[in-house]
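K.L.:
sequence first, then the predicted structure:
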Protein chains: 2
Amino acid sequence: MCELLGMSANVPTDICFSFAGLMQRGGGTGPHRDGWGIAFYEGKGLRAFHDPQASVDSRIAELLCVYPIKSRVVISHIRQANVGAVGLPNTHPFTRELWGYAWCFAHNGQLDPVLFNWPLRHFKPIGNTDSEYAFCWLLDQIHQRFEQRPEDPAALAAVIHQCCEQLRGIGVYNMLLSESTRLFSYCTTKLWWITRRAPFGEARLRDRDLTVDFYRETTPDDVVTVVATEPLTANEQWQRIAPGELVVFHDGEVESRLVSASGAGS
Amino acid sequence: MCELLGMSANVPTDICFSFAGLMQRGGGTGPHRDGWGIAFYEGKGLRAFHDPQASVDSRIAELLCVYPIKSRVVISHIRQANVGAVGLPNTHPFTRELWGYAWCFAHNGQLDPVLFNWPLRHFKPIGNTDSEYAFCWLLDQIHQRFEQRPEDPAALAAVIHQCCEQLRGIGVYNMLLSESTRLFSYCTTKLWWITRRAPFGEARLRDRDLTVDFYRETTPDDVVTVVATEPLTANEQWQRIAPGELVVFHDGEVESRLVSASGAGS
C-alpha cells in the first residue's frame, strides 16, 4: 500500500513539516521504497516533483523538507508498487489538463484488472498502473458530463463521488484529487484529516523526532487542513473519513461531504 | 527573449554541464529573471522542474547543476517575460498528454495576438502566454491529423513543420518539442546545435568558468546533441538552424531536416 498526503489551506502555506514525516515512510519507518512525488499548486499553476527512488534517500526530497514552497493545495504520494513497474511513468501524482485547469491525482489501493476494459476517450495513460488508468477514466467521465467547468461546485463533487463509488466497486480506492481550488478526498479503507486553526499549538511527528509550534509559523486567520493515509502526528486528534465518503476541502475548510448511498460500513 | 536548451542522446546522459551554463543567463550573465524550467524524459516518463524565480538564485536550479538526472531527451527554458505575467502557470516547459505520450514544449519569441483567435479543441491553456496557446494549438492540429501515433515519423515531422511555418507567419517562433523519443527543433531567428561523439574533447562554457572533459564522462559509442538559443561553449563549432527549418533529432543524431518552402532566408 502507498501513502497519501494532501493539504488545503486558506493562505499559501508550506508543507515541510508534514512532508518530512511522510518521507520517513519511504524506506525509513515504512516500506514504500518505489518512488514518490509531490505537487504544489500556485494559483492555477502546478509544480510537481517526481522521483522513482526511495524518498528517504532522495536529494530532491531532502531539499523539499527544508525549502518552503508555499501553496494552498498540495498532493503527495509515496509508492509501494503493486500494479506497474517501478519507474517514472508510474510515479504519482499524475497530472492532466481539463478546461484549462491542471488536474492532479494520487491513489492508494489496488483495483481489479477489469478496470483496463473500461473505455477511455480523451485521456490516455502514459504508464501502466491501475491508478493512472482510473485517473484517465475519471477525468473522461467529468469531461463527458461537463464540457466546461461547472459554476456549481456541488454538481462537480456529485459526479466525482459517483465515479469514486464505481471505482470502489472494483477494489480499494483511496484518492486525492484537485483542479487547483478544491481538494477532493475519497476513502475506501484509510484516509484521515485534521484542520489546524487558531489557537495553534505544538505538533509532534510520529515518524521522526520533529516538533513544530504552529503558533510561531502562522497568523490567527490561517486555516490549514492536512489529509493523510495515517495520522502524521502523535499528539493531535485526527478525523477518519468513512468508507465511501468524499470530503471536499476548500480554503482549508470542509466544503461538502458526500456519503455512500450503500452505507458507510460497506 | 528567452533562452532554450535541449538535448537528444543515444544513452541516458546528464545535462548538468550545459544546464550550469544556461542557468547563469537567468539573472547572471543574461537578463532572463522571470522563471525557468527543465523537463527530463526517462523512457515515456517525464520529470519536470519549474521555478518562477530567477534561475541564478534558485535552490532547485543549484541542486540540478550537481545532481545528475540521466535522460535521453531534455528540454529547458529560462524566461524573460513579454506576454503573460511572471508566475508558475506561465513558466515553460509546458506539458500535455497525447496518445498516451507526455509532450513537452518550450518557446522563444513573440507571436501576434491574432493567435488567440485560432480555435482550440482538445487542449486549453492554463496560463495566458502566447507560447502555451501555440502549444495547445499545435497539439490540436497533430491530434486532428492523427487519432493515434503515426507509424511513420516522417509523416509526424511534416505536420509539425507545417504548423511551425504557420506560427512563424505571425511572429518569432523558435521551439523545442518532444514526445519522449524525438527532439523537434524549429527556428525562426536563433537556434544552434552541436553533436558530440568520439573522439570526445574538452568543452569550456561561455557563461561560467567551467570546463568539462567529455572523454572522461562518456563511452566511445555515446552520441549527444545539444540545442540552444546561443552556443553555450566557446571552443566548439556549433551549427545554426536556418529560419523556417525543423531539425528532428533522434538518439542524438539528425533524423530529418525540413526546410521552408518559402526559402531559408524568409
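P.N.:
Great, that's in hand.

K.L.:
up against chain B, what does the stretch 51-200 of chain A have?
P.N.:
Proximity of the stretch 51-200 of chain A to chain B, by C-beta under 8 Å from any C-beta of the partner chain, involves residues A:51-52, A:59-60, A:63, A:67, A:87-91, A:95-102, A:122-127. Where you see a C-beta, it was placed from the backbone N, CA and C, and this is true even at glycine.

K.L.:
one more time with 6 Å
P.N.:
Residues of the stretch 51-200 of chain A lying near chain B by C-beta under 6 Å from any C-beta of the partner chain: A:Arg59, A:Leu63, A:Tyr67, A:Leu88, A:Pro89, A:Arg96, A:Glu97, A:Gly100, A:Ala102, A:Lys124, A:Pro125, A:Ile126.

K.L.:
can you tell me the closest non-neighbouring residue to the second one?
P.N.:
Counting by C-beta to C-beta, 6 or more residues apart in numbering or on different chains, the nearest residue to A:Leu63 once its immediate chain neighbours are dropped is B:Leu63, at 5.5 Å.

K.L.:
picking that back up, hmm, which of the residues of the stretch 51-200 of chain A next to chain B are the buried ones?
P.N.:
Among these, those buried by neighbour count (16 or more other C-beta atoms under 10 Å in any protein chain shown) are A:Leu88, A:Pro89, A:Arg96, A:Glu97, A:Gly100, A:Ala102, A:Lys124, A:Pro125, A:Ile126.

K.L.:
give me the neighbour count for A:Ala261.
P.N.:
Around A:Ala261 there are 10 other residues, counting by other C-beta atoms under 10 Å in any protein chain shown.

K.L.:
can you give me the distance of it to chain B?
P.N.:
Using C-beta to the nearest C-beta, to the nearest Å, one obtains 33 Å as the distance from A:Ala261 to chain B.

K.L.:
tell me the secondary structure for that residue?
P.N.:
coil (DSSP: H, G, I helix; E, B strand; the rest coil).

K.L.:
which pLDDT value belongs to it?
P.N.:
As predicted, A:Ala261 sits at a pLDDT of 80.

K.L.:
same question for A:Asp213.
P.N.:
The predicted local confidence for A:Asp213 is 77.

K.L.:
so it sits against A:Glu202, correct?
P.N.:
Yes - counting by C-beta atoms under 6 Å, A:Glu202 is a contact partner of A:Asp213 at 4.8 Å.

K.L.:
output the longest strand belonging to chain A.
P.N.:
If you go by DSSP state E, chain A has its longest strand at strand A:3-13.

K.L.:
quick check: the residue of the stretch 51-200 of chain A nearest chain B.
P.N.:
With C-beta to the nearest C-beta, the shortest gap between the stretch 51-200 of chain A and chain B falls at A:Leu88, namely 2.8 Å.

K.L.:
need the nearest residue in space to that residue, chain neighbours excluded.
P.N.:
Nearest one to A:Leu88, counting by C-beta to C-beta, 6+ apart, is B:Gly45 at 2.8 Å.

K.L.:
do A:Leu177 as well
P.N.:
A:Leu177's closest residue in space is A:Phe184 (C-beta to C-beta, 6+ apart), at 4.2 Å.

K.L.:
can you tell me the element the one you found falls in?
P.N.:
Assigned by DSSP states H and E, A:Phe184 belongs to strand A:182-186.

K.L.:
partner strands of the very next helix or strand once past that strand and their direction?
P.N.:
Toward the C-terminus, strand A:182-186 is succeeded by strand A:192-196 as the next helix or strand (DSSP H and E). Note on strand A:192-196: by DSSP bridges, its sheet partners are strand A:224-228 (antiparallel), strand A:239-240 (antiparallel).

K.L.:
most tightly packed of the ones you listed?
P.N.:
Per residue and on average, the most neighbours among the strands paired with strand A:192-196 fall to strand A:224-228, with a mean of 26 (mean count of other C-beta atoms under 10 Å in any protein chain shown).

K.L.:
between all of the buried ones among the residues of the stretch 51-200 of chain A next to chain B, which two are separated the most?
P.N.:
Pairwise distances across those peak at 25.7 Å for A:Leu88 and A:Gly100 (criterion: C-beta to C-beta).

K.L.:
pretty sure A:His50 sits against B:Ala48.
P.N.:
No - with contact defined as C-beta under 6 Å, A:His50 and B:Ala48 do not form a contacting pair (8.3 Å).

K.L.:
hmm, back to that, among the residues of the stretch 51-200 of chain A next to chain B, which are located in helices?
P.N.:
Taking DSSP state H as the definition of helices, these contribute A:Arg59, A:Leu63.

K.L.:
let's have the residues of the stretch 51-200 of chain A next to chain B in a markdown table, adding distance to B:Gln144.
P.N.:
A markdown table is the format used below for these (distance: C-beta to C-beta, whole Å):
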| residue | distance to B:Gln144 |
| --- | --- |
| A:Arg59 | 42 |
| A:Leu63 | 41 |
| A:Tyr67 | 42 |
| A:Leu88 | 29 |
| A:Pro89 | 26 |
| A:Arg96 | 19 |
| A:Glu97 | 17 |
| A:Gly100 | 19 |
| A:Ala102 | 23 |
| A:Lys124 | 16 |
| A:Pro125 | 22 |
| A:Ile126 | 21 |
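
K.L.:
so which of the residues of the stretch 51-200 of chain A next to chain B belong to strands?
P.N.:
Using DSSP E, these in strands are A:Arg96, A:Glu97, A:Ala102.

K.L.:
quick one: contacts for the second one?
P.N.:
Taking C-beta atoms under 6 Å, 6 or more residues apart in numbering or on different chains, we find A:Glu97 in contact with B:Arg96.

K.L.:
mind doing that once more with 7 Å?
P.N.:
Neighbouring residues of A:Glu97 by C-beta atoms under 7 Å, 6 or more residues apart in numbering or on different chains: B:Arg96, B:Phe123, B:Lys124, B:Ile126.

K.L.:
nearest to chain A, of the residues you listed?
P.N.:
Comparing the contacts of A:Glu97 against chain A with C-beta to the nearest C-beta places B:Lys124 closest, at 3.8 Å.

K.L.:
good, we can wrap up now.
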